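> coordinates only, sequence not included:
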């Protein structure tokens, strides 16, 4: 029988290592480090088409993640998608005329919302709305358009 | 014909009897767990025997599983020019599936079999009935600490396995194959979700911990008290708990990730 104290120390090391591994998994491997959802402010944006955007998709400015999509709703009056975004409190300097676009990282990557700051002196507040929006590019529509244009120009 | 039917019936009855005894034991174990607050040393010793002594096999398998994942996935992903997704793929496979499942299988082989053999031998050498003679409840004194020890050790082992595996994949992917270090970590962080992925892995490992230690303790306690009976019980522990882990893993995965 080993000394009780040695056993206790080893168990302490083991439990600490296990908890540290869990902590590392939370911090290093998963995205828990990204701006907490409690602090920050919510803005809305209306898009014609957001196909592929999901709740928890990233919101970026100049490629830097500043927040997340928190809700996606459908407006039955205007037939538009209403995307709510939670933006970190540290990024409260976004001008009022910031524009939003649904973009794709890479050719087949995940969809995200890219914000493009404008030049207004006023800044976006909690509950504010981004009015300048650009919908996602739907690949099928682009190909269809391209083929149609080719056929049109071929006739002449 | 009648003999055959009788045999079938006997097997069926045996099966249900064992199932019933198993659940009664589980209830007794759960009742015995609160009393362990007064005797933490018993649990600490079991966490040492079950958890600390399993660290070596868990860490070594974790590193190698991570490295193999790195090599295999790199060769597949590089065909699509998507080797930057190596990080998230390795992390998701480990955290969601391989971490809890492989740890539970190794745990059943390393710790579960030892538990069964120990308890079975205690029964065969009449230590358990000796305790009863002294008005010490063997369930509270011997079985419950082992049960709680396994329950504590298993999720910690699974977390260590996953983390070590991620670093094993990092070593092969970034160190040997030249995947960009920044995209390995950043893509991983943007794809792996704490609540959906890491916590679900932890829940899985908790469930597996309960099931494996429960089966191990039950088989030990239920063993025929001869050397042959103990060896049979040990085999049954490994086989049954491995099957239970794999089956439950499917059910849990379907519950957690299947319905969206």
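Received, thanks. Just so you know, these numbers come straight off a predicted model, no measurement behind them.

> what does the stretch 1-150 of chain B put close to chain A?
Contact residues, the stretch 1-150 of chain B versus chain A (C-beta under 8 Å from any C-beta of the partner chain): B:41, B:44-45, B:47-48, B:51-52, B:55, B:91, B:95. Heads up, the C-betas are built off the backbone N, CA and C, glycines and all.

> these: which two are farthest apart?
B:41 and B:91 (37.4 Å; C-beta to C-beta).

> what about these two, which has more around it?
Neighbour comparison, residue B:41 and residue B:91: the larger count goes to residue B:91, with 32 against 12 (by other C-beta atoms under 10 Å in any protein chain shown).

> isn't that one up against residue A:26?
No - with contact defined as C-beta atoms under 8 Å, residue B:91 does not reach residue A:26; the gap is 12.0 Å.

> break down chain B into its helices, ranges please.
B:2-32, B:40-50, B:55-77, B:86-92, B:99-107, B:113-124, B:127-133, B:138, B:144-170, B:181-191, B:199-222, B:227-253 (DSSP state H).

> as a markdown table, the ones you listed with mean pLDDT would be great.
Listed next are the helices of chain B as a markdown table, based on pLDDT from 0 to 100:
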| stretch | mean pLDDT |
| --- | --- |
| helix B:2-32 | 89 |
| helix B:40-50 | 88 |
| helix B:55-77 | 92 |
| helix B:86-92 | 88 |
| helix B:99-107 | 94 |
| helix B:113-124 | 92 |
| helix B:127-133 | 89 |
| helix B:138 | 86 |
| helix B:144-170 | 92 |
| helix B:181-191 | 77 |
| helix B:199-222 | 92 |
| helix B:227-253 | 92 |
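
> in JSON lines: the ones you listed, plus distance to residue A:148.
Shown next, in JSON lines, are the helices of chain B (distance: least, C-beta to C-beta, whole Å):
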{"stretch": "helix B:2-32", "distance to residue A:148": "67"}
{"stretch": "helix B:40-50", "distance to residue A:148": "68"}
{"stretch": "helix B:55-77", "distance to residue A:148": "35"}
{"stretch": "helix B:86-92", "distance to residue A:148": "38"}
{"stretch": "helix B:99-107", "distance to residue A:148": "51"}
{"stretch": "helix B:113-124", "distance to residue A:148": "69"}
{"stretch": "helix B:127-133", "distance to residue A:148": "83"}
{"stretch": "helix B:138", "distance to residue A:148": "81"}
{"stretch": "helix B:144-170", "distance to residue A:148": "46"}
{"stretch": "helix B:181-191", "distance to residue A:148": "36"}
{"stretch": "helix B:199-222", "distance to residue A:148": "46"}
{"stretch": "helix B:227-253", "distance to residue A:148": "45"}
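
> so what's the residue lying closest to residue A:112 once chain neighbours are set aside bridging to?
Counting by C-beta to C-beta, 6 or more residues apart in numbering or on different chains, residue A:58 is the residue found nearest to residue A:112 once chain neighbours are left out, at 4.6 Å. Beta-bridge partners recorded for residue A:58 (DSSP bridges): residue A:68.

> and the residue in chain B that chain A sits nearest to, what does it touch?
The minimum distance from chain B to chain A, using C-beta to the nearest C-beta, falls at residue B:156 (2.5 Å). Applying C-beta atoms under 8 Å, 6 or more residues apart in numbering or on different chains to residue B:156 gives the contacts A:14-15, A:17-19, A:21-22, B:51.

> try 10 Å
A:14-22, B:47, B:51-52, B:55, B:58, B:103, B:202, B:205, B:209 (C-beta atoms under 10 Å, 6 or more residues apart in numbering or on different chains).

> shared neighbours, residue B:91 and residue A:26?
Contact criterion C-beta under 10 Å, 6+ apart; residues bridging residue B:91 and residue A:26 by contacting each: B:192, B:198.

> so who does residue 145 touch?
Since no chain was named, I'll use chain A. Neighbours of residue A:145 in contact, by C-beta under 10 Å, 6+ apart: residue A:138.

> look at chain B instead
Residue B:145 neighbours (C-beta under 10 Å, 6+ apart): B:29, B:32-33, B:35-36, B:39-47.
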